[in-house]
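Undergrad: Everything below, folded, please.
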Amino acid sequence: MDYEWKNVGPLAAIPRQGARRLCFGQGGRPIAVFRTADDELFALIDECPHRQGPLSEGIIAGKTVTCPLHSWVIDLADGEAQSPDKGSTASLPVKLVNGEVFVGLAAKVAV
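TA: Numbers count the residues shown, from 1 in each chain. Model prediction:
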């Protein structure tokens, strides 16, 4: 898949074990970028699969985030809810280039 890489700012703007909700979305849905304690970066649609709670306001532990509304635990790598819960939110590619964070958005197809 082709991506349009969007610069979302410096790594330092995202706290360790924290997230930053972006001011733009993907397909009308909000996006959040997450940073783990080990400085790994992940990007997800910022909606819990349960009731669309803002995952960016959740608690990050390891490579998961816990939804602040109903405590669903979501894998940051693929957006999948951990058992016994079922469902997922979309993940997006993210990369770090010279200290700047980039999120890959689906490229617009010319018609």
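
Undergrad: How many neighbouring residues does Ala9 have?
TA: No, residue 9 isn't Ala; it's Gly. As a burial measure, Gly9 scores 14 neighbours (other Cβ atoms under 10 Å). Heads up, the C-betas are built off the backbone N, CA and C, glycines and all.

Undergrad: which residues pair with it across the strands?
TA: Gly9 forms beta bridges with Val101, as assigned by DSSP bridges.

Undergrad: now it: how far from Leu22?
TA: To Leu22, Gly9 is 9 Å away according to Cβ to Cβ, to the nearest Å.

Undergrad: Pull out the CA atoms of the helix or strand of the chain with the lowest mean pLDDT and give them to me as CSV.
TA: Ranking every helix and strand in the chain by mean pLDDT, DSSP states H and E puts strand 18-26 at the bottom, with a mean of 85. Extracted C-alpha coordinates of strand 18-26, given in CSV (Å, rounded to 0.1, in the frame of the first residue of the first chain):
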residue,chain,number,x,y,z
GLY,A,18,2.0,8.8,26.7
ALA,A,19,0.2,9.7,23.6
ARG,A,20,-0.6,12.7,21.4
ARG,A,21,-3.9,13.0,19.6
LEU,A,22,-3.4,14.5,16.2
CYS,A,23,-5.3,17.5,14.8
PHE,A,24,-6.2,15.6,11.7
GLY,A,25,-7.7,12.2,11.1
GLN,A,26,-8.0,9.3,8.7
